[in-house]
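> Quick one: sequence and predicted model below, then my questions.
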Amino acid sequence: MDPLLDYTDKVVLITGAAQGFGKLLAEEFAKRGAKLVLSDYQEEAVIDVAKCIAITGAQAIGMKCDVAKSEECKAMVNNAIDIFGSVDIAINNAGIVHDFMPLHQIDESLMDKQFSVNVKGVQYGMRYQIEQMLKQGSGSILNVSSMAGLCGAAYVAAYGMAKHAVIGLTKAGAVEYAAKNIRINAICPFFSLTNMVTDNANEEMQYKMGQGAPMKRLSDPQEVVAAMMLMLSPANSYMTGQCIAIDGGVSAR
Ligand SMILES: NC(=O)c1ccc[n+]([C@@H]2O[C@H](COP(=O)([O-])OP(=O)(O)OC[C@H]3O[C@@H](n4cnc5c(N)ncnc54)[C@H](O)[C@@H]3O)[C@@H](O)[C@H]2O)c1
């Protein structure tokens, strides 16, 4: 296997792995020799994803973890340690969007929901992942932010604030743990055709959203997953604290 994408025996933990980026990423890691701990608050669906992967011969377990609950994040990391002995790579991918609405209509409960899943959910995951990575003396974490975490995203301000916070967490963590051999980066996709977009925007809206990118289209989720694999490559060992846009050229303007 090309050493750039050789994940043989790496223990990989992915949150929000029942569908979308998380599920596709799990399938890519499985093809490249990783041992997987997959979690999601959709318990049945994530267990099914793990079972389908296990049929291909890879080692994968699926479990419930609502990332907004610190104890469940702890249990997820402990499960990886009990079953596979380490956490080499962790992807804090679980996330939720909200209905398009003007900023002045965003209320307290929407803010709380966004921050409990998209911000606290990432910090809870990092907390226990880093604790284990410090014991191991190595590790790599990828947080899933968004272009809404880099730019002003109109009509999704609460989501945008939460995704900006993920970038703050990523950079702080990268600086704190760089000397401990733990890399921490974030990926910032523009709209991609997972359920998050297809459930909330009809084809006409998707077309218009795509026209907002210099490439004049939205991404296929596999294109985002390919970038995640490259960022997490064991050969990519000097990259930390970076928040990389995968955006068809949007941020180049
Ligand atoms: N699709 C896009 O256009 C896009 C763009 C930028 C960033 N993102 C981010 O990518 C990540 C993955 O989203 P996706 O596009 O694959 O969408 P998706 O909705 O298909 O997947 C999100 C997954 O997260 C899970 N999840 C939600 N809340 C959870 C919680 N509290 N605990 C555990 N799991 C939970 C869902 O069950 C689902 O499996 C999210 O963080 C999202 O914000 C997506």
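Now that the structure is in, tell me what you want to look at.
> which strands and helices sit next to whatever helix or strand residue 184 lives in?
Following DSSP states H and E, one finds residue 184 within strand 182-189. The helices and strands touching strand 182-189, judged by 3 or more C-beta pairs under 8 Å, 6 or more residues apart in numbering; DSSP states H and E, are helix 121-136, strand 139-144, helix 157-177, helix 221-232, strand 243-246. In short, each C-beta sits where N, CA and C put it, glycine included.
> Please repeat the previous calculation with a cut-off of 10 Å.
Using 3 or more C-beta pairs under 10 Å, 6 or more residues apart in numbering; DSSP states H and E, the elements in contact with strand 182-189 are strand 89-92, helix 121-136, strand 139-144, helix 157-177, helix 221-232, strand 243-246.
> Of all these, which one comes closest to the ligand?
Distance to the ligand, taken as C-beta to the nearest ligand atom, is lowest for strand 139-144 among those, at 4.2 Å.
> Can you dump the C-alpha atoms of the closest one in CSV for me?
What follows is strand 139-144, C-alpha atoms only, in CSV (Å, rounded to 0.1, in the frame of the first residue of the first chain):
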residue,chain,number,x,y,z
GLY,A,139,-2.2,11.0,17.9
SER,A,140,-4.0,13.0,15.3
ILE,A,141,-7.3,14.8,15.5
LEU,A,142,-9.4,16.2,12.7
ASN,A,143,-12.3,18.5,13.7
VAL,A,144,-15.0,19.1,11.1
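> is the ligand contacted by that strand?
Yes - using C-beta under 6 Å from any ligand atom, we find that strand 139-144 touches the ligand at residue 144.
> Can you list the strands that that strand pairs with?
Sheet pairing of strand 139-144 (DSSP bridges) gives strand 89-92 (parallel), strand 182-189 (parallel).
> hmm, back to that, which of the residues in the helix or strand that the strand holding residue 184 is followed by are classified as buried?
The helix or strand immediately downstream of strand 182-189 is helix 195-198, counting by DSSP H and E. By neighbour count on 16 or more other C-beta atoms under 10 Å, the buried set for helix 195-198 is 196-197.
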